[in-house]
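S.K.: using only what follows, build the 3D model:
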Amino acid sequence: MEASITLKKVGKLINDKTILAGLTFGIEKGSLVAIIGDNEAGKSMLLRVISCLEYQEYGQVFINGLDSKKRRIEILPKISYVSHELDLDPWLTLEENIQFAGMLYDIDTETINTRLTQYARELNLTRYLKKLVKNISPGIIRKGIIIRSLIHDPEILIMDDPTAFMDAESYRQTWDMLLRMKGEKTILYVSQSLKEVEDAHDRILVLEDGKITLDGSLDKLLGGTFEFHQFQIEFENLPDDLFQKLSKLPKVKNASKIGQSIHFYGRERGVFFDVLKNAVSATMKDISVKKLGLQDLMDAKYAKDGIH
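M.R.: Okay, the predicted model is just below:
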């Protein structure tokens, strides 16, 4: 498929410190891509470079095939960037902030108001439009910022922590709307919430020290660990010889003992019964089972070593 965004050996330095280190990747048109990583990984800077708000020191960024340095004026109307900051004018109403953004892109008033009405309805924001921004909660402001970013109908939406400050209902409304746009718009976003990324992605990029260390869907990134479940069984007493016996069962992976509990991994829930059959002499107190997810991937144990 055709790429909306292409990076070729892109690097960014600040005070001789490498922020982005020779990044090369492409993002397909209409895809939904999430970026995760530590606070100093370079995620926000990557978004700003792609959005033409910062220039890279070396390498090239292409938006719909156009070089971002040479064709910036042509590119800017195709992109919308949502900063992590609550950057609306507090002394204007929510409606005025959004309308002003549309005017900057030379969108006619009727089109602006039609789009504003539609998006405000989808995000349950209509009753806040006439209120001054300084009197509105951060979560509501955040939804207004997302509407502002869509008012000129960009092809590419780039968002830094889009649902920050939102409550559960606003989160749901926002992602319901954004997911309906998937396929029509290319959406690239950074999130601090691994649950959000698990719920909303075609592809995940893991950024570490300015480099892409993992790239793919959650299924692909977890690879062989995706079908694993994590088990914990607590006994009244778990002697070392019983732990050794259980840890050597064929379907038990990466067993460890903590207190009187055995922690282990297995591809099927049935491995739990194999363990119980071999521990009939011990009294069980408690059990827990969970399927591995993105949080496990971000744990260095799984990201680097996997489950053997």
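
S.K.: make it CA atoms for all contacts and neighbour counts henceforth
M.R.: Will do.

S.K.: L157: what's it in contact with?
M.R.: Shown here is L157, whose contacts under the criterion C-alpha atoms under 8 Å, 6 or more residues apart in numbering are I79, S80, Y81, V82, S149, L150, K185, T186, I187, L188.

S.K.: which of these fall within helices?
M.R.: Restricting the contacts of L157 to those inside helices, with DSSP state H as the criterion, leaves S149, L150.

S.K.: state the pair within the contacts of L157 that is farthest apart.
M.R.: Greatest spacing in the contacts of L157, by C-alpha to C-alpha: V82 and K185 (14.7 Å).

S.K.: these two: which is more packed in?
M.R.: V82 (24 against 20; other C-alpha atoms under 10 Å).

S.K.: specify the beta-bridge partners of that one.
M.R.: Per DSSP bridges, residues listed as beta-bridge partners of V82: M159.

S.K.: show me how this protein divides into domains.
M.R.: 3-219, 227-291 (automatic domain parsing).

S.K.: what is the burial count for L207?
M.R.: 22.

S.K.: an error on my part: the question was meant for V271.
M.R.: Neighbouring residues of V271 were enumerated by other C-alpha under 10 Å; the total is 20.

S.K.: try A168
M.R.: A168 is surrounded by 10 other residues when neighbours are defined as other C-alpha under 10 Å.

S.K.: can you check the one 3 residues further on too?
M.R.: The criterion is other C-alpha under 10 Å. On that basis, Y171 has 18 neighbouring residues.

S.K.: would you say it is within a helix?
M.R.: Yes - under DSSP: H, G, I helix; E, B strand; the rest coil, Y171 falls within a helix.

S.K.: ok, which stretches of the protein are helices?
M.R.: Defined through DSSP H, the helices belonging to the chain, from first to last, are 43-50, 72-75, 94-104, 109-122, 138-150, 168-181, 194-199, 218-222, 240-247, 271-277, 294-298, 300.

S.K.: where are the low-confidence patches of this protein?
M.R.: Applying pLDDT under 70 to the predicted model, the residue ranges of the chain that meet it are 1, 223-227, 269, 292, 296-297, 299-308.

S.K.: what about 80?
M.R.: Applying pLDDT under 80 to the chain flags the ranges 1-2, 219-230, 267-270, 272-273, 284, 289-308.

S.K.: what number of residues lie near G59?
M.R.: As a burial measure, the neighbour count of G59 was computed by other C-alpha under 10 Å and equals 16.

S.K.: before we move on, what about G30?
M.R.: G30 has 20 neighbouring residues, counting by other C-alpha under 10 Å.

S.K.: next up, the contacts around it.
M.R.: By C-alpha under 8 Å, 6+ apart, the contact list for G30 reads S4, K182, G183, E184, K185, T186, I187.

S.K.: try D176
M.R.: When the contact criterion is C-alpha under 8 Å, 6+ apart, D176 has no partners at all.

S.K.: hey, what's L188 bridged with?
M.R.: Counting by DSSP bridges, L188 forms beta bridges with V33, I158.

S.K.: gap between it and E234?
M.R.: The span separating L188 from E234 equals 43 Å under the rule C-alpha to C-alpha, to the nearest Å.

S.K.: just K211 next, same as before
M.R.: Distance, K211 to E234, by C-alpha to C-alpha: 41 Å.

S.K.: what's the answer for Y58, then?
M.R.: Y58 sits 55 Å away from E234, taking C-alpha to C-alpha as the criterion.

S.K.: am I right that I75 is in contact with K69?
M.R.: No - counting by C-alpha atoms under 8 Å, no contact exists between I75 and K69, whose distance comes to 9.6 Å.

S.K.: residues contacting Q99?
M.R.: Per C-alpha under 8 Å, 6+ apart, neighbours of Q99: T109, I112, N113, R148.

S.K.: ok so, going back, who has more neighbours out of Y58 and E234?
M.R.: Taking neighbours as other C-alpha under 10 Å, Y58 and E234 compare with E234 leading, 19 against 15.

S.K.: right, and that one touches A282 too?
M.R.: No - contact status for E234 versus A282: not in contact, 10.0 Å apart, counting by C-alpha under 8 Å.

S.K.: follow-up on the earlier one: could you dump the contacts of L157 to a markdown table with distance to N278?
M.R.: Formatted as a markdown table, the entries for the contacts of L157 read as follows, by distance: C-alpha to C-alpha, whole Å:
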| residue | distance to N278 |
| --- | --- |
| I79 | 60 |
| S80 | 59 |
| Y81 | 57 |
| V82 | 56 |
| S149 | 59 |
| L150 | 59 |
| K185 | 54 |
| T186 | 52 |
| I187 | 50 |
| L188 | 49 |
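
S.K.: quick one: which of the contacts of L157 is the most crowded by neighbours?
M.R.: Within these, most neighbours by other C-alpha under 10 Å means I187, with 27 neighbours.

S.K.: what distance do you get for that residue to Q244?
M.R.: The spacing between I187 and Q244, counted by C-alpha to C-alpha, is 49 Å.
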